[in-house]
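Engineer: Only the shape, not the letters, is given here:
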RNA sequence: GCUGCUGUGGCUCAGGGGUAGAGCACGUCCUUGGUAAGGACGAGGUCAUGGGUUCAAAUCCCAUCAGCAGCUCCA
């Protein structure tokens, strides 16, 4: 019998229960001792995920990581990455491959390989089949810790493993270095991992792409296999289905199909808006202007081309020149504005300002141009010319918090009206390199957090991620496919007022420097419209729809006059409508309107003509039956007025 | 910007060393039909651009431009 007096023990707290185990016992034993049952994938010791077999060396709080959790999924995906690497090693010969890294990412994992064979999608089934074999073999994963870099390098002795060696070299000396082995495959890895490959459930290789070693384009280009894994085939199928859905909703595709905008070789990165796209664009702008007028904003418009000297003063010439376009006027250099603020400050300085005007809110839908690298252009999401829904607010430091609350209120209200109720909020605080006094930063950051807390907004803090000229809050909206889009931002700016020597006259008659808030809600109208297209899948709510009502005569001959009368009535009421007087059959006309995702179709035939009525059909395929033409108009107008996100008309 | 893939009528795409095809859309005509495609006929492309190989290039090679994916960048 072991001497319990001398044997070291660890005290482990598992869901409130304390169990005592010999030091070095595997984590999983603690669950067993504590009587916790379940499908364990890993353990979490004081918040850190570790292997189930990891020896416990000191007292800790331990919880199981089980199927169905994010932690569990990450562990399974991590092990899946090793399995994929092992499969590649088996299929192409371990001596022919060099392994780089294989981390878990948001939607799965990847592994980077240096291999002569060029992966093509046709290789995926083969690799997947080998992975399935490895899972079926249920190989156990063994962790081996080595003492320092020298020993780690010794493990790799004689192997082609220049990436692994480099990784080891760059590790801090204090770091524990570990390897994981499953069957014949060993990989440098921090872990944690599943206990055995058999616990991997459903996986799929998604794509292959080039990727630079350590993201550096001057270094080796590797082949990256993207893959994903889930706890069940069902979840995997759902994921794949979602990807297809996202593809269907691609705004570039819908933009073409719905005839909203186009892009052309003659102007890469510069969108061309078609009539229907313009309707949506203008509707957003009209709405935006109304909201800003109601929130006591003034609206200004500043030039697109401004003298180079202004950009020296603003600091853009030093920091942003690469992204700017230049031109020449009368032998003077001018720049096309990449941002609106410098022009805005000229408006501010056009008059002597008083504290009585504060907070002075100047909004500008400013068209900016930025030279984005060709490879980053992406439909409306990344363009070279776009309209920022910008505003600059000038106020005193004391007003900051209240102003920020007001901006936030406006942001959330506007997001809600477009159907975005889930918003991620991020606070970025002072970076190492920054201007402005400690007191200024304290006030600004205090105002931002104060505003967030005042409205009980949940937010994450990104320490040191603020701009050098001030802290900021960023807003990301979640769309119907659960993707997040960075749109809104509120930035406090200490730099601009200094650089442009902006002043106001305070109550005591002294000249003081105002604080400037720089804010955008939608970010860029173009990009936001792209997000809206994907969010709604092209089926815009009625208030935004380019065409709201399509009149469909049953017989073009016989109901031409009546259908035109109905159309006239719709147009007079201010609705966007048209009539289909083509000679196609009614079914084809309906199909056409349906594919254009027009909210309402009005079928008019002999029956309707007799009673001055219309047979209403909703694009979500509901035949609502007949109703009086006047009643229809009133109800749709109401739907538009309230900016309803759903179609509201129902069967009477 | 880097790497890979792609570029054929307005759109989606097939074809492929011997000077081009389908469906949809479009036009004309016939059809006047009650809730997702009626029919016939027709027009439309120097196969992204420039160069090279070849008796012959849309097809093969190179470069350029553009698009897509990824990397990086940006926020």
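Structural biologist: Received the coordinates, thanks. Model, not experiment: these values are computed from the prediction.
Engineer: Spell out which residues of the stretch 101-250 of chain A are next to RNA strand B.
Structural biologist: Residues of the stretch 101-250 of chain A lying near RNA strand B by Cβ under 7 Å from any atom of the strand: A:207, A:209-212, A:215-217, A:221, A:224. For the C-beta atoms, the positions are set from N, CA and C on the backbone; glycine is no exception.
Engineer: how about the residues you listed in a markdown table, adding neighbour count and pLDDT?
Structural biologist: Output for these, formatted as a markdown table (neighbours: other Cβ atoms under 10 Å; pLDDT from 0 to 100):
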| residue | neighbour count | pLDDT |
| --- | --- | --- |
| A:207 | 12 | 79 |
| A:209 | 13 | 77 |
| A:210 | 9 | 74 |
| A:211 | 18 | 79 |
| A:212 | 14 | 79 |
| A:215 | 7 | 74 |
| A:216 | 8 | 73 |
| A:217 | 7 | 68 |
| A:221 | 12 | 75 |
| A:224 | 19 | 85 |
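Engineer: From RNA strand B, how far off is the nearest residue to residue A:230 once chain neighbours are set aside?
Structural biologist: In space, and not counting its chain neighbours, residue A:230 is closest to residue A:236: 4.4 Å by Cβ to Cβ, 6 or more residues apart in numbering. Distance, residue A:236 to RNA strand B, using Cβ to the nearest atom of the strand, to the nearest Å: 19 Å.
Engineer: In the stretch 1-150 of chain A, where is pLDDT below threshold?
Structural biologist: Along the stretch 1-150 of chain A, segments meeting pLDDT under 70 span A:1-7.
Engineer: quick revisit: next, give me the two most distant ones among the residues of the stretch 101-250 of chain A next to RNA strand B.
Structural biologist: Farthest pair in these (Cβ to Cβ) is A:207 and A:216. Separation: 21.7 Å.
Engineer: Is there a neighbour count for the residue nearest to residue A:230? I'd like the number.
Structural biologist: Neighbour count for residue A:236, taken as other Cβ atoms under 10 Å: 18.
Engineer: For the one residue in chain A that gets nearest to RNA strand B, which residues are in contact?
Structural biologist: Going by Cβ to the nearest atom of the strand, RNA strand B is nearest to residue A:375 of chain A, at 2.1 Å. For residue A:375, the contact set (Cβ atoms under 8 Å, 6 or more residues apart in numbering) is empty.
Engineer: A helix includes it, no?
Structural biologist: Yes - judged by DSSP: H, G, I helix; E, B strand; the rest coil, residue A:375 forms part of a helix.
Engineer: confidence score at it?
Structural biologist: pLDDT, residue A:375: 82.
Engineer: Skip the chain neighbours and tell me the closest residue to residue A:202.
Structural biologist: residue A:236 (4.1 Å).
Engineer: Does the one you found lie in a helix or a strand, and which?
Structural biologist: Taking DSSP states H and E as the definition, residue A:236 sits inside helix A:233-248.
Engineer: and after that helix, which helix or strand comes next?
Structural biologist: helix A:251-257.
Engineer: ok, now how distant is residue A:279 from residue A:540?
Structural biologist: Residue A:279 sits 10 Å away from residue A:540, going by Cβ to Cβ, to the nearest Å.
Engineer: Now do the domain split for chain A, please.
Structural biologist: As given by automatic domain parsing, the domain ranges for chain A are A:9-64, A:71-245, A:261-300+A:338-536, A:549-641.
Engineer: The stretch 351-500 of chain A: strands as residue ranges?
Structural biologist: All strands of the stretch 351-500 of chain A, identified by DSSP state E, counting those that start in this stretch, fall at A:360-369, A:385-395, A:423-428, A:460-462, A:472-478, A:484-493.
Engineer: Of all the ones you listed, which one comes closest to residue A:265?
Structural biologist: Per Cβ to Cβ, nearest to residue A:265 of these: strand A:385-395, 15.9 Å.
Engineer: quick one: average confidence on the closest one?
Structural biologist: Mean predicted confidence for strand A:385-395 is 95.
Engineer: Mind listing the strands that strand pairs with, and their directions?
Structural biologist: Strand pairing for strand A:385-395, using DSSP bridges, gives strand A:360-369 (antiparallel), strand A:515-524 (antiparallel).
Engineer: Does RNA strand B have contacts with that strand?
Structural biologist: No - judged by Cβ under 7 Å from any atom of the strand, strand A:385-395 and RNA strand B are separated, with a smallest distance of 10.7 Å.
Engineer: re earlier: what sits in contact with each of residue A:279 and residue A:540?
Structural biologist: residue A:546.
Engineer: Those two: which is more packed in?
Structural biologist: Legend: neighbour count by other Cβ under 10 Å for residue A:279 and residue A:540, higher for residue A:540 (23 against 19).
Engineer: ok, that one touching residue A:280?
Structural biologist: Yes - between residue A:540 and residue A:280 a contact is recorded at 6.8 Å, counting by Cβ atoms under 8 Å.
Engineer: overlap in contacts of those two?
Structural biologist: Common neighbours of residue A:540 and residue A:280 (Cβ under 8 Å, 6+ apart) are A:532, A:546.
Engineer: before we move on, back to that, show me the contacts for the residue nearest to residue A:202.
Structural biologist: Counting by Cβ under 8 Å, 6+ apart, residue A:236 has contacts A:202-204, A:228-230.
Engineer: Would you mind giving the orientation angle of the lengthiest helix in chain A with respect to helix A:233-248?
Structural biologist: The longest helix of chain A (DSSP state H) is helix A:70-92. Put simply, helix A:70-92 runs at 90 degrees to helix A:233-248, going by axes from the mean of the first three to the mean of the last three Cα atoms, to 10 degrees.
Engineer: mind listing the strands for the stretch 101-250 of chain A?
Structural biologist: Using DSSP E, counting those that start in this stretch, strands in the stretch 101-250 of chain A cover A:104-105, A:108-115, A:141-146, A:177-182, A:185-188, A:202-212, A:221-230.
Engineer: and if you look at the stretch 501-650 of chain A?
Structural biologist: Going by DSSP E, counting those that start in this stretch, the stretch 501-650 of chain A shows strands at A:504-505, A:511-512, A:515-524, A:549-553, A:577-579, A:600-604, A:613-618, A:622-628.
Engineer: Now render the ones you listed as a markdown table, adding mean neighbour count, distance to RNA strand B and mean pLDDT.
Structural biologist: Shown next, in a markdown table, are the strands of the stretch 501-650 of chain A (neighbours: other Cβ atoms under 10 Å; distance: least, Cβ to the nearest atom of the strand, whole Å; pLDDT from 0 to 100):
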| stretch | mean neighbour count | distance to RNA strand B | mean pLDDT |
| --- | --- | --- | --- |
| strand A:504-505 | 18 | 27 | 97 |
| strand A:511-512 | 14 | 28 | 96 |
| strand A:515-524 | 24 | 7 | 94 |
| strand A:549-553 | 26 | 6 | 96 |
| strand A:577-579 | 20 | 12 | 95 |
| strand A:600-604 | 24 | 4 | 96 |
| strand A:613-618 | 22 | 3 | 96 |
| strand A:622-628 | 15 | 5 | 92 |
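Engineer: Leaving out the residues flanking it, which one is nearest to residue A:107?
Structural biologist: Closest to residue A:107 by Cβ to Cβ, 6+ apart is residue A:228, at 5.8 Å.
Engineer: how near is the one you found to residue A:206?
Structural biologist: 6 Å.
Engineer: Is it possible to get CSV of the domains of chain A that adds distance to residue A:649?
Structural biologist: Formatted as CSV, the domains of chain A follow (distance: least, Cβ to Cβ, whole Å):
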stretch, distance to residue A:649
domain A:9-64, 49
domain A:71-245, 27
domain A:261-300+A:338-536, 18
domain A:549-641, 6
